[in-house]
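need a 3D model of the following:
(2 chains)
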2 protein chains.
Amino acid sequence: MASPIQQNLEKKNAEYSAKFSKGDLALPPAKHYLIVTCMDARIDPAAAFGIDLGDAHVIRNAGACARDALRSLVISQQLLGTREILVVKHTDCGMLTFTNDDIRATVKEKLGPAAAAELGTMDFLPFPDVEQAVRDDLDFLRKHTAAIRADTVVSGWVYDVKTGSVKSIA
Amino acid sequence: MASPIQQNLEKKNAEYSAKFSKGDLALPPAKHYLIVTCMDARIDPAAAFGIDLGDAHVIRNAGACARDALRSLVISQQLLGTREILVVKHTDCGMLTFTNDDIRATVKEKLGPAAAAELGTMDFLPFPDVEQAVRDDLDFLRKHTAAIRADTVVSGWVYDVKTGSVKSIA
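So this is what the prediction gives:
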């Protein structure tokens, strides 16, 4: 028995696929770039950042953390030819609201010792300042990893969830 | 000097923000679910999977790998109250086209020994069969991790990039 969420996906997808006309797009992103942004529910990257279907890889995780995305970044660059990276974090991010100690305590309390042991010293990558976090990610991509091509064009942005506008950071 | 890609983001975002009217959405996803899907450029999750702004977390990485998303999944569930997970992989995925040995050789050749040493034995998580990969991810979420709530509703899907339609797998 499908859940209401699953039924919604099936119903909306049936409408989408009935009108779908982009079945001939190639696997590699046509514009050779990728965006790293947050999983936040208030962000629609295609609409807000002007990405046409087929143009760019979109990586999303908690906090738009470039370090956490390294596996995907390497695959995108080395196998699928992307050459430019845009990191887009956002205002009012959940990552601003906790510390590693907080979430480790929550995991232990809510999920128990097996979960706490499994996650161990996992860095959940929270940050106290979103603009500084963007700069730190750009430093990582530009200076602190050898796994990103040296000629990659890298830029950083903050999206305002109240206004829908992006601001260039670096 | 902004690159053409950066100029495109600024121009399209100015149009988006000029019409933006959803500035009052709450941080936690209104429908308490999350989707894990691929970074592939041919997927527009909001449109294809019927996600209204504010309703769901969207995690995207190379291959829609649940294991790779564990940090984000724990944050989504423990801090932001999501209770249902949909894993949506897709046809013609780049992850079907290589092995760990392939990409490690590519990294060494294209980026050099420092990158190869930095990535070490990183598992790039390729898979030879997309439907089996969905089942493996569901097994991971349901049985092999203590870090996901036991009462989580989990389902798996494959999106067809040629037709725009999703198929339920498990």
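
distance of the residue nearest to the spatial centre of chain A relative to B:Val74?
Here the mean C-alpha position of chain A is nearest to the C-alpha of A:Arg60 (CA atoms, centre = their mean), at a distance of 2.1 Å. Counting by CB to CB, to the nearest Å, the separation of A:Arg60 from B:Val74 is 16 Å. To be clear about C-beta, it is placed using only N, CA and C from the backbone, and glycine gets the same treatment.

tell me the secondary structure at the residue nearest to the centre of chain A.
Secondary structure assignment for A:Arg60 (DSSP: H, G, I helix; E, B strand; the rest coil): strand.

quick check: bridge partners of it?
A:Thr37, B:Arg60 (DSSP bridges).

all helices for chain A, in order.
A:4-18, A:45-49, A:70-80, A:100-111, A:113-119, A:130-139 (DSSP state H).

could you dump the longest one to CSV, C-alpha only?
Only the C-alpha atoms of helix A:4-18 are listed here, as CSV (Å, rounded to 0.1, in the frame of the first residue of the first chain):
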residue,chain,number,x,y,z
PRO,A,4,0.3,9.4,0.6
ILE,A,5,3.8,10.8,-0.2
GLN,A,6,4.4,7.9,-2.6
GLN,A,7,1.0,8.4,-4.2
ASN,A,8,1.8,12.1,-4.6
LEU,A,9,5.0,11.2,-6.5
GLU,A,10,3.2,8.7,-8.7
LYS,A,11,0.4,11.1,-9.5
LYS,A,12,2.6,14.2,-10.2
ASN,A,13,5.1,12.2,-12.1
ALA,A,14,2.4,10.8,-14.4
GLU,A,15,1.4,14.4,-15.3
TYR,A,16,5.1,15.3,-15.8
SER,A,17,6.0,12.3,-18.0
ALA,A,18,2.8,12.8,-20.1
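
tell me which residues are up against it.
A:2, B:31, B:33, B:47-50, B:84, B:86, B:153, B:155, B:157, B:163-166, B:168 (CB atoms under 8 Å, 6 or more residues apart in numbering or on different chains).

now the buried members of these.
Buried members of those, counted by 16 or more other CB atoms under 10 Å in any protein chain shown: B:31, B:33, B:47-50, B:84, B:86, B:155, B:157, B:164-166.
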